[in-house]
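Asks: The following block contains a protein sequence and its predicted model.
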2 protein chains.
Amino acid sequence: MRRTHSLFAFTLGLGLCAAATAATTTIPAAAVKTAAQLRDQALKDDTAWNFTRDLTTEIGPRLAAGPNDERARAWTVARFKALGFDKVWTEPVTYPKWVRRSEAGAIVAPFPQPLVPTALGYSAGTPDGGLTATVVQFESLDALKAADPATVKGKIVYIGYRMQRHKTGKDYGMGSAVRTAGPPIAAAKGAAAYLLRSAGTDANQRIAHTGVTGFSDPAKAIPAAALSNPDADQLERILAYGKPVSVHLDLDVGFDGEYTGANVIGEITGSKYPQQVVAIGGHLDSWDPGTGAIDDAAGVAIAAGAAHLIAQLPQRPARSIRVIAFANEEMGLWGGRAYAEQHAADVTDHVLGTESDFGAGAIWHMSASVKPEARGAIEQMAKVLEPVGVTYDPDRPGGGGSDLSQMHARGMAALSLGQDGTYYFDWHHTANDTLDKVDPKQLAQNVAVYAAFAYMAAQADGDFGSAPGAFANDGARD
Amino acid sequence: MRRTHSLFAFTLGLGLCAAATAATTTIPAAAVKTAAQLRDQALKDDTAWNFTRDLTTEIGPRLAAGPNDERARAWTVARFKALGFDKVWTEPVTYPKWVRRSEAGAIVAPFPQPLVPTALGYSAGTPDGGLTATVVQFESLDALKAADPATVKGKIVYIGYRMQRHKTGKDYGMGSAVRTAGPPIAAAKGAAAYLLRSAGTDANQRIAHTGVTGFSDPAKAIPAAALSNPDADQLERILAYGKPVSVHLDLDVGFDGEYTGANVIGEITGSKYPQQVVAIGGHLDSWDPGTGAIDDAAGVAIAAGAAHLIAQLPQRPARSIRVIAFANEEMGLWGGRAYAEQHAADVTDHVLGTESDFGAGAIWHMSASVKPEARGAIEQMAKVLEPVGVTYDPDRPGGGGSDLSQMHARGMAALSLGQDGTYYFDWHHTANDTLDKVDPKQLAQNVAVYAAFAYMAAQADGDFGSAPGAFANDGARD
């Protein structure tokens, strides 16, 4: 729906007011009541749990373009249909294929012993037989940026930034910068390879965290890998002896052409404004070492569980609820960017959106990027969500989550529904991202929040300000 | 020292009483006082911490007969000398060499996905290209024992016994039985391979626990591996669908001839009865995935730290303090058995002994297998140890620990110094057995206990009942 369309929405019944630009958006009392019922019902509903369990069990790892990519899409189409969605379809997403075949590493001197590395996404492979080079340590990304290339050339750059646990996961800002920005900087200075202490908060697990690098040009990529935290500790202890430390890396990974996957989309079709959508979702791909339970089967499951609950109501909501299982979020929001391109003309019809991609911890805060006249409606939503532990911060923008940040950047009104990320980075991007890390109760709390907000957005009298170019300067970082 | 010798010990001075068979053994008041000082001093001493840190850093993994075996022995000889031990020597230990080159596994059907296995010690390798077979699950070791071989033949046997955390580590009794006894039973019934849920208590780590099997005859060995707990959960979820489940295993492991390593022994030589020894120690070998910090660098370090402290006293104790770093405990007490054979004639001279091989947690209980006339001396020791949290149980025997159980079985009086094992089996036999799992304060408490008891034993007026054949029926299980 375009903005001119929504001006006349009231003529179509269901008690929705006209949403003139300056008019106040409100949630009708009946919708607030139903939303509260959905919220309470969700806390006892196991649809999202079953979704997460079955996707991670029956498909397992879902590396974009990997051996399970097509199976995962077929599975999701089938499950969306089984959940009673009115429409289920896919939209193609094309991206570079990157593969991981094997990876190994060792300290060669002065104290020979194996390391536990994991190659980073878009890492180059090492030459046949691997590479051996001396390690040069930098205290920070800034120190690497400032380094004379002569000190880096031919060496393995190592940065040991250590993330700490926070509810907000705030250390991931620097952790992911060291992982993403560091390798291209090292490559530009002539480094042979790049190692980092895992961008993760598990201090004691011998499991390294993968994740994408910033190698947008395969021709300029060098081998890049993360070390588990205990391995990073060990490497740093050995570097502290002050002797030359040489490391061997054998990474059989790399780019392998192009692949076309798809976003999988399921929709509960709106009864009155079917073309207007409340967009929710998660991403279907995962990193390969784990089964992608918290990142991000849970996210897709939360959205699907919420839409399923809404579909159980006696009648469809006024607007559509769209659940998007994005393709290849992990290697650079490929699904989100493709969706935003394909739906560039539909920004106004995406009345409100947010993606779940921060694990399965309970949602504890909420913020929004909406037009001023819709603040009251957001406050109505916040009141419904407060009993399940959500605090609304009216002074922060809402970014819409990872993939949907791309629609928000084009003008879609968006929420941020912040989950408790205290332990998220213990497991994120590792073999440990498995079903046992999902707490069914906290997962259900997420569904409660998504079902309630999505229903209210779908029933709102008025819009939230979505329009091409809106919110361009809201500072949302999601 | 033989028993007849000790009868005349009093003639040699230093205030030691004659230890006639019926005479009461006591700790002289001066020795009790010095032991209390050693105990307090140990709490502030970092010798054991430095030993553990340096061994695990400079050598790393120490698989028996593996690439670091010889280096680890040379390192230990050098460190014992640096610690000021009066004598340092090695005694050869010969055993079958077993090697781990690589290991991989996957569920092939119905839901293809990788598994995280680790081959068990003395496992056979799989044929070139691996093996694929259907999985047959048994609820328990007893169920496997009772099984008709026709249900097992050609299949991969799986048992999912789940250990729980206990301070005593008591579930390892069944956990290690499933790992040790299970594979030969499965092999005898014609199984293609054997899988178990790791004998470990980390519910959520994608790291499998290795450990030895009971394959004493390489010709009868089959491939045998452990799965991490999340992998075992996943396999069980998939088995619960009721469809045939096939698994692929590719284990490049196996027997590879014979190897001669050595026990490394350091001694603080007794001033009056040098041939009488208080035997303490740990084992130098470790499993290969980790650096063997808790299993058992810490054990050797505790004993070495205790002996070092005693060596700092103005004069040597009456008896010798012998620190033994045993070879190849992990694959069947090879070092302990060799030591017991080589010292079969010295049982009586091993006046009291105990080995540290249960991690680095604080010691919280103590029991002893000694002659009745030495109970009072043990109670004197217990009083000195009580302030650091050790409770003495006079009704339980003391087994001497893993390798020294072999000397105890031949008649050496022995203590059990039980460590807090609550988290030991989270890390035991895995890549996670690294330095960060050692708490320096708890490690120092262990040294306090070892230094105090060993000094008192070395200064005791009288013996503890060591004699060939003594304690044959004490029921000690260490």
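Replies: Happy to help now that I have it.
Asks: Which pLDDT value goes with the most centrally placed residue in chain A?
Replies: Residue closest to the mean C-alpha point of chain A, counted by Cα atoms, centre = their mean, is residue A:357 at 3.7 Å. According to the per-residue confidence, residue A:357 scores 98 in pLDDT.
Asks: Can you list the buried residues in the top helix by length along chain A?
Replies: Looking across chain A with DSSP state H, the single longest helix is helix A:440-459. By 16 or more other Cβ atoms under 10 Å in any protein chain shown, the buried positions in helix A:440-459 come out as A:442-459. Every C-beta, even on glycine, is put in place using the N, C-alpha and C of the backbone.
Asks: Over to the closest residue to chain B within the stretch 201-350 of chain A. Which of the three states is it?
Replies: Nearest to chain B, among the residues of the stretch 201-350 of chain A, is residue A:206, at 3.9 Å (Cβ to the nearest Cβ). With DSSP: H, G, I helix; E, B strand; the rest coil as the basis, residue A:206 sits in coil.
Asks: so it touches residue A:116, yeah?
Replies: Yes: with contact defined as Cβ atoms under 8 Å, residue A:206 reaches residue A:116; the gap is 5.2 Å.
Asks: shared neighbours of these two, which are they?
Replies: Jointly contacting residue A:206 and residue A:116 under the rule Cβ atoms under 8 Å, 6 or more residues apart in numbering or on different chains are A:228, A:231, B:431.
Asks: which parts of chain A sit against chain B?
Replies: A:53, A:57-61, A:67-68, A:107, A:111-114, A:116, A:203-207, A:229-230, A:233-234, A:237-238, A:289-291, A:430-432, A:434-437 (Cβ under 8 Å from any Cβ of the partner chain).
Asks: Counting neighbours, which of those end up buried?
Replies: Buried members of the residues of chain A next to chain B, scored by 16+ other Cβ under 10 Å, are A:53, A:57-61, A:68, A:107, A:111, A:113-114, A:116, A:204-207, A:229-230, A:233-234, A:237-238, A:289-291, A:430-432, A:434-437.
Asks: pLDDT below threshold where in chain A?
Replies: Within chain A, the stretches with pLDDT under 70 are A:1-22, A:475-478.
Asks: returning to what we had before: among the buried ones among the residues of chain A next to chain B, name the ones in helices.
Replies: Per DSSP H, those map to helices at A:53, A:57, A:58, A:229, A:230, A:233, A:234, A:237, A:238.
Asks: list the contacts for the residue of the stretch 351-478 of chain A found nearest chain B?
Replies: Residue nearest to chain B within the stretch 351-478 of chain A: residue A:431 (3.9 Å; Cβ to the nearest Cβ). Going by Cβ under 8 Å, 6+ apart, residue A:431 touches A:207, A:289, A:290, B:116, B:206.
Asks: Any chance of CSV for these, columns distance to residue B:346?
Replies: As requested, those are exported to CSV (distance: Cβ to Cβ, whole Å):
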residue, distance to residue B:346
A:207, 46
A:289, 52
A:290, 54
B:116, 46
B:206, 47
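Asks: With respect to residue B:316, which of the residues you listed is nearest?
Replies: residue A:207 (47.9 Å; Cβ to Cβ).
Asks: Spit out the contact partners of that closest one.
Replies: Applying Cβ under 8 Å, 6+ apart, we find residue A:207 in contact with A:116, A:228, A:289, A:430, A:431, A:432, B:205, B:206, B:207.
Asks: And for residue A:326?
Replies: Going by Cβ under 8 Å, 6+ apart, residue A:326 touches A:263, A:281-285, A:333, A:335-336, A:339, A:355, A:402-403.
Asks: where do the strands sit along the stretch 351-478 of chain A?
Replies: For the stretch 351-478 of chain A, strands defined by DSSP state E, counting those that start in this stretch occupy the ranges A:363-369, A:391-392, A:414-419.
Asks: from those strands, which stretch is densest packed?
Replies: Ranked by mean neighbour count, these are led by strand A:414-419 with a mean of 27 (mean count of other Cβ atoms under 10 Å in any protein chain shown).
Asks: and it with strand A:363-369, angle?
Replies: Relative orientation of strand A:414-419 versus strand A:363-369 (axes from the mean of the first three to the mean of the last three Cα atoms, to 10 degrees): 170 degrees.
Asks: Only the C-alpha atoms, please, for strand A:414-419, written as PDB.
Replies: What follows is strand A:414-419, C-alpha atoms only, in PDB (Å, rounded to 0.1, in the frame of the first residue of the first chain):
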ATOM      1  CA  ALA A 414      10.900  -0.200  12.600                       C
ATOM      2  CA  LEU A 415      11.100  -1.600  16.200                       C
ATOM      3  CA  SER A 416      14.000  -2.900  18.100                       C
ATOM      4  CA  LEU A 417      13.000  -5.700  20.400                       C
ATOM      5  CA  GLY A 418      16.200  -6.200  22.400                       C
ATOM      6  CA  GLN A 419      16.800  -9.700  23.800                       C
END
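Asks: sorry, back to before: tell me how far the residue of the stretch 351-478 of chain A closest to chain B lies from residue B:283.
Replies: 29 Å (Cβ to Cβ, to the nearest Å).
Asks: Output stretch A:255-263 as CSV, restricted to C-alpha atoms.
Replies: Once non-C-alpha atoms are left out, stretch A:255-263 reads as follows in CSV (Å, rounded to 0.1, in the frame of the first residue of the first chain):
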residue,chain,number,x,y,z
PHE,A,255,35.3,-18.7,-2.8
ASP,A,256,33.7,-21.0,-5.2
GLY,A,257,31.6,-19.1,-7.8
GLU,A,258,28.1,-17.8,-7.3
TYR,A,259,25.0,-19.4,-5.8
THR,A,260,21.3,-18.5,-6.0
GLY,A,261,19.3,-19.3,-2.9
ALA,A,262,16.2,-17.7,-1.7
ASN,A,263,14.3,-15.8,1.0
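Asks: Touching it from outside, list them.
Replies: For stretch A:255-263, using Cβ under 8 Å, 6+ apart, the contacting residues are A:64-65, A:69-70, A:73, A:90-99, A:122, A:218, A:221, A:285, A:324-328, A:335, A:338-339.
Asks: out of everything not next to it in sequence, what's closest to residue A:164?
Replies: Among residues not flanking residue A:164 along the chain, residue A:171 sits closest, at 5.5 Å (Cβ to Cβ, 6 or more residues apart in numbering or on different chains).
Asks: Just give the number of residues close to the one you found.
Replies: Each residue near residue A:171 was counted by other Cβ atoms under 10 Å in any protein chain shown, and the total is 18.
Asks: go on, residue A:395?
Replies: Residues near residue A:395, counting by other Cβ under 10 Å: 6.
Asks: What's opposite the nearest residue to it once chain neighbours are set aside in the beta bridge?
Replies: Using Cβ to Cβ, 6+ apart and skipping residues adjacent in sequence, the residue nearest residue A:395 is residue A:367, 7.9 Å away. Following DSSP bridges, residue A:367 is listed with bridge partners residue A:416.
Asks: now the strands: where do they sit in the stretch 201-350 of chain A?
Replies: Ranges of strands in the stretch 201-350 of chain A, per DSSP E, counting those that start in this stretch, are A:224-227, A:246-268, A:273-283, A:319-326, A:350-355.
Asks: which stretch among these comes nearest residue A:426?
Replies: strand A:224-227 (14.3 Å).
Asks: partners of the closest one, with directions?
Replies: In the sheet, strand A:224-227 lines up with strand A:117-119 (antiparallel), strand A:193-197 (parallel) (DSSP bridges).
Asks: nearest to residue A:254, of the ones you listed?
Replies: Taking these one by one with Cβ to Cβ, strand A:117-119 is closest: 8.9 Å.
Asks: For the closest one, give me every contacting residue.
Replies: Applying Cβ under 8 Å, 6+ apart, the contact partners of strand A:117-119 are A:100, A:103-105, A:195, A:208-210, A:223-227, A:231, A:249, A:251, A:253, A:289, A:430.
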